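**Q** sequence and predicted structure below; questions after.
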Amino acid sequence: VSTLPFPPALRRELAAIVGDDGVLQSRTDLTVYECDGYTLERCLPEVVVLPRSTDEVARVVRAAGASGVPFVPRGAGTGLSGGCLPHPAPLLVCTSRMRAIRALDLENRRAVVEAGVVNAAVSRAVRASGLQYVPDPSSQNACTIGGNVAENSGGPHTLKYGVTTNHVLGVELVLPDGEVVELGGALEDTLGYDLTGVVCGSEGTFGIVTAAMLKLEPLPEAVTTMLAVFETVAAATATVSQVIAAGIVPAALEMMDRTIVEAVEAAYRFGFPTDAGAILIIEIDGAAAGLAALAERITAICRDAGARSVRIAADERERAALWKSRKRAFGAVGRLAPNYCTQDGVVPRTRLPEILARIEAIGARHRLRIGNVFHAGDGNIHPIILYDERDGDQVARVLEAGREILRACVELGGSVTGEHGIGVEKMRELGLVFDDDDLALMRRVRDVFDPAGRANPGKIFPTPGSCVEQRAPRRQAAL
Amino acid sequence: VSAAHPAADPAALAAYAVGGVAPAAIATPADAAALAACVAETAARGAALVALGRGAHREIGHPPARYDLALSTARLARVLEYTPADMTVSVESGVPLAELQALLACERQWLPLDPPCPEATTVGGLVAADLGGPLTASQGRVRDFLIGVAVVTADGRCGRGGGKVVKNVAGYDLMKLFTGSLGTLAVVTAATFKVRPRPETTRALACEWRAGARALALASRLATGALAPLAATLEVPLGGAPRPASLLCLLGGVAEAVAAERARVLALVEEEGGALAFEGDGEDPPARTLLAAARDFPRAAPGAVAARLAVLPARAAALAADLGATFDRTRGRARLDPRAGLAHVAIETSDPARSIEALRAVAATHGARLVVERWPAELAATIAVWSPLPSAFPLMRRMKAALDPRGTLAPGRFVGRI
């Protein structure tokens, strides 16, 4: 439980702002909010508030500020780096009740949506008009646009289309002092500093994003999704580089290794060969003319690289089943072990074979089973470390193996996170990619938005003197 | 280093003038560390500097409020890393864009950004001024390709954001902050971009109209329709110009897709009363000449006043029509990128102040934004280059104050004379 005292008067004030049904204070209610998708560390919040409007968010933030209580913004809590762990700030401000699509401008391909709108709901709202919101993280049926903006979320289709920041033209932001600012807007052209761009990926440390102006894209005229089966991980990763080297930019280029394929097949029965070393899901889209020829070229590249088989999804149903298997892979992993920890690192795509070999060695050294399901085309790896949280020694080995994998990513010229964020999980690892001057510069940027350190303190930046140990006493690990 | 050269000969200093203001000294540091030392020294003296690449785009922005040192990135001209199969490239900021593109072209890749005058545009200038061209609508902007940046901040320290990988959320996205900041927050010393394969086939089509109105009807359909050419830019004459309206369209992709799209574009053009005047491979000299002319329009078009207007794509054609009506007795030309919602105008006016106000009025009517890119020197003290000011302007001032508290970096140059 949080160490900061929570003023009783503030509890009453918050209830007055959002209504009694908008304040959660009982232990039962709060338990849901003790962590996000990163479950290695948990902490019960003191209070969760569920505002319904920007004005309520602003009043909540002002009231908290007047009492000197910092806050943590939260969407659906699907984050994977502990970004909305309510610690040390004891107050969670949850935007999940702000679900309005405020405006759709189909002609100009813009949507203004509130922070609590679920990612997939945006595409659903415009699909009949032939449009889509492209970023599609695997959690897209639960995660919210506010969370996507905070984390600058990715997904399988970022290879061709970019990540969240490439599709956000503006945000409505409640600053930590309660002021509401509009950053960016409907026009592509940036006017002044691109603060929208800096807010994307700031992990809730600049305030609370309450709405976003999104760019929509036309649905592609045609889509072809292919499944290539390889005997070895090495052959699959080599293929990734060859597809890219041939000047082809697929819409998505995803890989699953045998461990994951087995789990996914057991769960969803798509028809994956469970004896294969690895599979690639390759999706190309665009104009109908020429797409079949492109699929043939990719098939030839796969076969030259030793693919056992290459199969093209026969229809939309099969394509949807394939993507369901991929996007729910994390859920299927539950069959393999009581617990799992998803890592997120990036390497230059040509270094994929090397990083996967290193991951295998790290797993062997720590006696841990590690599966891989990831965005191969981006070089964005997601090793899934399987473990049992009841075994304290195993948990320690999981943490150490995760760190070793991230160090290996950095050694190969990559980064410690491609799409999950730093949160609490990787505060220490941030120092692997940035030196003190870099971090000082970032802190100065943060201070512009949040001079008093009220918005999601204790995240991203390593705090001197504490937090150095992952299981520091002030944060409760799931042991 | 290259210590600064104070009181060099006046002609040399004049060559570095920005907005009519000449510096007192020029420094041309050999590397980022030396550049940092120059910035630190300038800050320590309470002086001000403007960083320049080749200076091709220095008309953009207000004249500097103070300008003691011209800090040239000309010697920061190394390619740091290029692994074609990774589709990323890292270069120092003084590398000319044309040289970078030539390097990428050897591997059939490109950075799909096409600002005016790429030979005279450095990577640092590209980033600092957030430059683009006709490819913007289909390919995106600097912010979509810049994945890593190294800068020197106003206190003379080095800082970095991002990295060398195409997907990266470690730390704040400082690339966005510095892109388009016109050197007022930091001096960019190196940049890493994700790059793209060049389209397998490109085809350029030039079409002409005797009457501008029909061309604008086509513009309207291009702005919001299903066609997605690499670039589609219309040149429309304003009052007094004898030339007809024209469309330059660049198609790209696999051969079958290009052929299919070509047929659709030509059908649309015919429906709207235009005629095909030229067609050729997009990489052949005649097409390249046409593309270069469209790309260079904002810099090369004659006229005392030049400006850019940004508008919602669906309003682009109406905005252009309004420009035509407003300047029906003024010689000038406008170039319209309907899908991007951008119009560039160049006006040969005898009353620049009045023309600029007329432009501002047109912009206001259409909810557009106006950026005055060229104006006569006598307006320097009063002109508002960007209008209207963004509502988050106070936050932007705070950003400037936090990163450059002494006003060392290009003071007064940016939006609202930040």
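**A** Arrived safely.
**Q** any stretches of the stretch 1-150 of chain B with poor pLDDT?
**A** Applying pLDDT under 70 to the stretch 1-150 of chain B picks out residues B:1-8.
**Q** with adjacent residues omitted, what lies nearest to the residue of it found nearest chain A?
**A** When scored by C-beta to the nearest C-beta, the stretch 1-150 of chain B has residue B:86 as its residue closest to chain A, at 4.3 Å. All C-beta atoms are positioned from the backbone trio N, CA, C, and that covers glycine. Excluding the flanking residues, the one nearest residue B:86 by C-beta to C-beta, 6 or more residues apart in numbering or on different chains is residue A:348, at 4.3 Å.
**Q** so for the chain, the centremost residue is which one?
**A** Just so you know, I chose chain A. Chain A has residue A:420 as the residue nearest its centroid, 4.0 Å off, counting by C-alpha atoms, centre = their mean.
**Q** look at chain B instead
**A** Judging by C-alpha atoms, centre = their mean, chain B has its centre closest to residue B:131, at 2.2 Å.
**Q** any idea how many residues pack against the residue nearest to that residue when sequence neighbours are not counted?
**A** Nearest residue to residue B:131, sequence neighbours excluded (C-beta to C-beta, 6+ apart): residue B:115, at 3.4 Å. By other C-beta atoms under 10 Å in any protein chain shown, 24 other residues sit near residue B:115.
**Q** how about residue B:55, what does it touch?
**A** B:15, B:16, B:18, B:120 (C-beta atoms under 8 Å, 6 or more residues apart in numbering or on different chains).
**Q** if you could redo that for residue B:158, that was the one I meant.
**A** With C-beta under 8 Å, 6+ apart, residue B:158 has these contacts: A:437, B:32, B:33, B:36, B:150, B:151, B:152, B:189.
**Q** what residues are up against the residue nearest to the centre of chain B?
**A** B:57, B:113, B:115, B:116, B:121, B:125, B:142.
**Q** and residue 297, what element?
**A** This is for chain A. Element membership of residue A:297 [criterion: DSSP states H and E] is helix A:291-304.
**Q** not what I meant, chain B
**A** Residue B:297 belongs to helix B:285-300, assigned by DSSP H and E.
**Q** now do the same for residue A:106: its pLDDT.
**A** On the pLDDT scale, residue A:106 is placed at 97.
**Q** any idea how far it lies from residue A:184?
**A** Using C-beta to C-beta, to the nearest Å, we find residue A:106 at a distance of 20 Å from residue A:184.
**Q** have a look at those two and say which one is more surrounded.
**A** Neighbour count, other C-beta under 10 Å: between residue A:106 and residue A:184, residue A:184 has more, with 23 against 15.
**Q** how about the residue of chain A found nearest chain B, secondary structure?
**A** Relative to chain B, the nearest point of chain A is residue A:197 (2.6 Å; C-beta to the nearest C-beta). Put simply, residue A:197 is helix when judged by DSSP: H, G, I helix; E, B strand; the rest coil.
**Q** before we move on, back to that, out of the contacts of residue B:131, who's the most crowded?
**A** residue B:125 (29 neighbours).
**Q** so what's that residue closest to, chain neighbours aside?
**A** residue B:53 (4.1 Å).
**Q** contact partners for the one you found?
**A** Here residue B:53 is in contact with B:72, B:73, B:74, B:93, B:94, B:96, B:121, B:122, B:123, B:124, B:125 (C-beta under 8 Å, 6+ apart).
**Q** how about residue A:118?
**A** A:76, A:99, A:140, A:141, A:142, A:143, A:144, A:145.
**Q** one step back: which ChimeraX command selects the buried ones in the contacts of residue B:53?
**A** Remark: buried members of the contacts of residue B:53, expressed as a ChimeraX selection using 16 or more other C-beta atoms under 10 Å in any protein chain shown:
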select /B:72,73,93,94,96,121,122,123,124,125
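**Q** for the stretch 1-150 of chain A, what are the low-confidence residue spans?
**A** A:1-5.
**Q** in chain B, what residue is nearest chain A?
**A** Counting by C-beta to the nearest C-beta, chain B gets nearest chain A through residue B:176, at 2.6 Å.
**Q** all strands of the stretch 1-150 of chain B, in order?
**A** B:5-6, B:25-27, B:49-52, B:69-72, B:79-83, B:88-92, B:109-110, B:146-153 (DSSP state E, counting those that start in this stretch).
**Q** please identify the deepest-packed of those strands.
**A** strand B:49-52 (a mean of 28; mean count of other C-beta atoms under 10 Å in any protein chain shown).
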